[in-house]
Each structure stands twice: as C-alpha cells, then as structure tokens.
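> After the sequence you'll find the predicted model.
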Amino acid sequence: MKKKTWIMISVVSLVIIMISVSVYREVLAKGPSVETTEMKEEEISSLLMIPGTVKLEEEQIIYASPENGELKELLVVEGQAVTKGTVVAKLQNPQLDLEVEQNKLSIESANLKINQLDKQLKLLKDKEKTIADQVGKEEAKKQLDPEYEQLEMEKKLANLELKQTTLQKDMIDKRLSELEIISTIDGVVLSVNKPDSSSMEAGMAEPIIHIGKLDAMVATGLLSEFDTLKVNNGQKVILRSDAVPEQEWQGEIIKISLLPEQNQTDLQSGSQPVQYPVTMKITGDLKALKPGFQVIMEIETDKKLANVLSIDSLQDDGDQPYVFIIKDGKAKKKTVKTGITSGTKIEIVEGISKEDTIIINGPDSLKNGMEVTVK
C-alpha cells in the first residue's frame, strides 16, 4: 500500500515539473514584456542651475556713529512701517552744542563790528562835508583819505570774518542734521537694538536699526566665466527652496557683475575658479520667502525645436549612451548621440529615427537580440 502511495506522489510531482518547464519555455520564447515610446520633435530648453540666497532688494542698516554723537533716543519699534524721510533716531553731541553757541557769538560779533564801521563811515562823510565848506572838496578829501582807507580795510576784514563764520554755520548745520537719522526707504523696521558701551568699545556693535522692504526681494548667486556667456539681463528664472518644497517663484535676471568675486589671494595664485555675482528679481507671492533662504535658481539658456526622448529610455554602460529599439520582435541596441537635457526629456542628435519603436524602462536583463513582447 505504501509503495503505491509513493508511486502516485512521484507521478504527480513529475507531471507538475513537466508543466512548469513547459510554461517557462513558453514565457522565455515570448521574451520579457516591455513598454515602448517614440522620438518626437518638441521644444526643449537647456537649464542652468545655480544655488543662491534670498535678500531684500532694498534695505537700510543703521549703525551707531560715535563720531557724530551719542544715541539720544530711538523713535521706532520693531515691526513698524516707516516712509522715506521718517526720523527713526536722534543723537546728541554736547561738543557740537558748544560750537553752535560759539558760532552764534562770532556771527553776532562780526555783524556788530560791521554796523559800527558803517556808523564811523557815515560820521566821516559828515565831517568831510563840514571841512569841504571851509577849504573845498578836494582839500577835504585829501585830508580824510587815510581815515577812509583805514575804515574800508577794517570793514573788508569784518565782512571776511562774517563770511567765514557763516561758512562755519553751514558746516555746523550739516552736522546738526546728522543728529537726526532718517529712513531712506519705505519699508518695515526689522530690528531695533540699543547699543551698550561694552560692545561699542570692543568693536562688536550691531546695527541699531534695520529697515527693509519686504514686498521686494532678490536672489543672488555666482556664475562661472563660461556660464556668463549663456545668460543676459531680462532672462527668466525659476526659483525653488527646500524650505518650501511645493512652491516655486518666477524671477528675472537684473544684474550680472562685470567684475568677478575673488579675493586678492585668488587673483595672485589663480587657484580658485573665477565667479561672477548675478542678481535675480523675484516676482509673485513672496509671503513664504524670507531673507536668507537658500534657493536653487533655474535659468533657461537655450531654447529650440529638437528630437527628444524620455530620459527613461536611455541607458549608459560608461562608454556611450544607447537605447533598445524593437526590430522583427527583437531588442536591438543602438548607440545615440545626445544633446541638451531638460527635466525628463533629452535631445537625441543622431542614432535613431522617429520611425523607430524604442523600449522605455527596459528590464536590467534585456540584451541585444533578445526576443521581446510589447505590452
């Protein structure tokens, strides 16, 4: 009985193995199932991607200036909106106050001296008339000429003194105007800090007031010497930030520096690549952006009609890129020459035609000459 049972089990196992081999051969004969695509003529752009930093387009950073005076009072608070010309802080300078008083006295003294000399000249003219009645005009003039010359000389000197003190007053008025610190832009007060004497003495003073225009931001980055030849003012830019992954911003190049950003050591040794600062104005909704955000800036540098293919069709074994096309039911390896890449598309310069059926996302086991089945 047991012998019959083992015979039955052996027969069933053999049948299962034969069926499995048959199915395997049938599948292998058909080859792997693949998806296909075709090369199409489409507009494609080459993108230059550079890192950048978001900054305020307009800002005013105010530091304490001991040479002008000591901080008397801060007239704004953080978050306050200000307009251009608003007085945001006042300084005081006791030495300047003393100079103002001295200048006032000097001007008053000069004016008094000039008035006194004018009175003396008037009296001299009256005296000349009296003498002229006695000895004649010519004799009277001859007698009084030395006195006239003396008084005229003194008056010229007094006028020069007045002019000098007036110039001093203009300079003092300018220094007085600097005691009032005004906003040079329309914006929002971003920070207010009252400096302490210890930080001032240590040379570590922070800005006392920082004003910025939050509705206008730019992004700055660096271009290589070769990339500067590809971009121009007015070119469109797309900006993305890891801090806000689901959002992008439009921009436009507004400035490409004519001079590279390099320190003197680099210029002498030539050890560092030459890089040129570039600035992009950001447009659109800026609420999610903040100064200091790191962004990736995509600059469209080359736009043209070209034969393009999904980059998922392309393979590369380290020698030359290639694709698999289907010919007579079999995969055929074709090397291709590629051009610019844009997103998920790549330009195909030569190697295949629009009539070719190209395998996309082919399996790793795909080989040249292997039979395939189109899904």
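Ah, there it is.
> any idea which element the residue nearest to residue 299 when sequence neighbours are not counted lies in?
The spatially closest residue to residue 299, leaving aside those adjacent along the chain, is residue 48, at 4.4 Å (CB to CB, 6 or more residues apart in numbering). Every C-beta, even on glycine, is put in place using the N, C-alpha and C of the backbone. Of the helices and strands defined by DSSP states H and E, residue 48 is found in strand 40-56.
> Buried ones in that strand, by neighbour count?
Neighbour-count burial for strand 40-56 flags 44, 45, 46, 48, 50, 52, 54, 55, 56 (criterion: 16 or more other CB atoms under 10 Å).
> Apart from its neighbours in sequence, what residue is nearest residue 155?
Per CB to CB, 6+ apart, closest to residue 155 is residue 117, 4.5 Å.
> and the one you found, what is it in contact with?
Neighbouring residues of residue 117 by CB atoms under 8 Å, 6 or more residues apart in numbering: 151, 154, 155, 158.
> Surely the first one touches residue 119?
No. Counting by CB atoms under 8 Å, residue 151 stays clear of residue 119, with 10.2 Å between them.
> the more surrounded of these two?
residue 151 (17 against 10; other CB atoms under 10 Å).
> Please identify the helix or strand for the nearest residue to residue 238 once chain neighbours are set aside.
Distances taken as CB to CB, 6+ apart place residue 298 nearest to residue 238, at 4.4 Å, with adjacent residues excluded. Using DSSP H and E, residue 298 maps to strand 294-310.
> residues in contact with stretch 139-146?
With CB under 8 Å, 6+ apart, stretch 139-146 has contacts from 124, 127, 128, 129, 131, 132, 134, 135.
> and the third one, what does it touch?
Residue 128 sits next to 140, 141, 144 when contact means CB under 8 Å, 6+ apart.
> ok so it is a strand residue?
No. Counting by DSSP: H, G, I helix; E, B strand; the rest coil, residue 128 falls outside a strand, being helix.
> mind checking how far it is from residue 67?
55 Å (CB to CB, to the nearest Å).
> go on, the fifth one?
If you measure residue 131 against residue 67 using CB to CB, the figure is 60 Å.
> neighbour-wise, which of the two wins?
Neighbour tally, residue 131 and residue 67, criterion other CB under 10 Å: the higher count belongs to residue 131, 16 against 7.
> Which of the helices or strands spans that one?
For residue 131, the host element (DSSP H and E) is helix 94-135.
> Quick check: next helix or strand after that helix?
helix 137-177.
> Report the rounded mean pLDDT for that following helix.
Across helix 137-177, the average pLDDT comes to 92.
> what about that helix, distance to the chain center?
Centroid separation for helix 137-177 versus its chain: 57 Å, with CA atoms, centre = their mean, to the nearest Å.
> Could you tell me the angle between that helix and helix 94-135?
170 degrees (axes from the mean of the first three to the mean of the last three CA atoms, to 10 degrees).
> Can we start the residue count at 536 from this point?
Yep, numbering from 536; the last one is helix 672-712 now.
> Can you list the buried residues in the next helix or strand after helix 672-712?
Heading C-terminal from helix 672-712, the first helix or strand you meet, by DSSP H and E, is strand 715-717. Of the residues in strand 715-717, those buried by neighbour count under the rule 16+ other CB under 10 Å are residue 716.
> Which elements pack onto strand 715-717?
strand 622-627 (3 or more CB pairs under 8 Å, 6 or more residues apart in numbering; DSSP states H and E).
> Report the buried residues of the strand it packs on.
Of the residues in strand 622-627, 623, 624, 626 count as buried by neighbour count, 16+ other CB under 10 Å.
> where are the low-confidence patches of the stretch 686-835 of the chain?
Regions of the stretch 686-835 of the chain meeting the criterion pLDDT under 70 cover residues 732-740, 797-807.
> so where do the helices sit in it?
Taking DSSP state H, counting those that start in this stretch, the helices of the stretch 686-835 of the chain run over residues 732-736, 799-804.
> Pretty sure the residue nearest to residue 834 sits against residue 764.
No. The criterion here is CB under 8 Å, and residue 583 misses it with residue 764 at 11.0 Å.
> sorry, back to before: could you flag which of the contacts of stretch 674-681 are buried?
For these, buried by 16+ other CB under 10 Å: 663, 666, 667.
> Name whatever forms a beta bridge with the residue nearest in space to the middle of the chain.
By CA atoms, centre = their mean, the mean C-alpha position of the chain lies nearest to residue 755, the distance being 3.3 Å. Beta bridges link residue 755 to residue 588, residue 814, judged by DSSP bridges.
> could you measure it against residue 774, distance?
11 Å.
> Kindly report the same for residue 908.
Applying CB to CB, the value for residue 908 to residue 774 is 45 Å.
> Check residue 808 too.
23 Å.
> Of the two, which one has the most company?
The residue with more neighbours, out of residue 808 and residue 774, is residue 774; 23 against 12, by other CB under 10 Å.
> Surely that one and residue 828 touch.
No. At 9.3 Å, residue 774 does not count as touching residue 828 under the criterion of CB under 8 Å.
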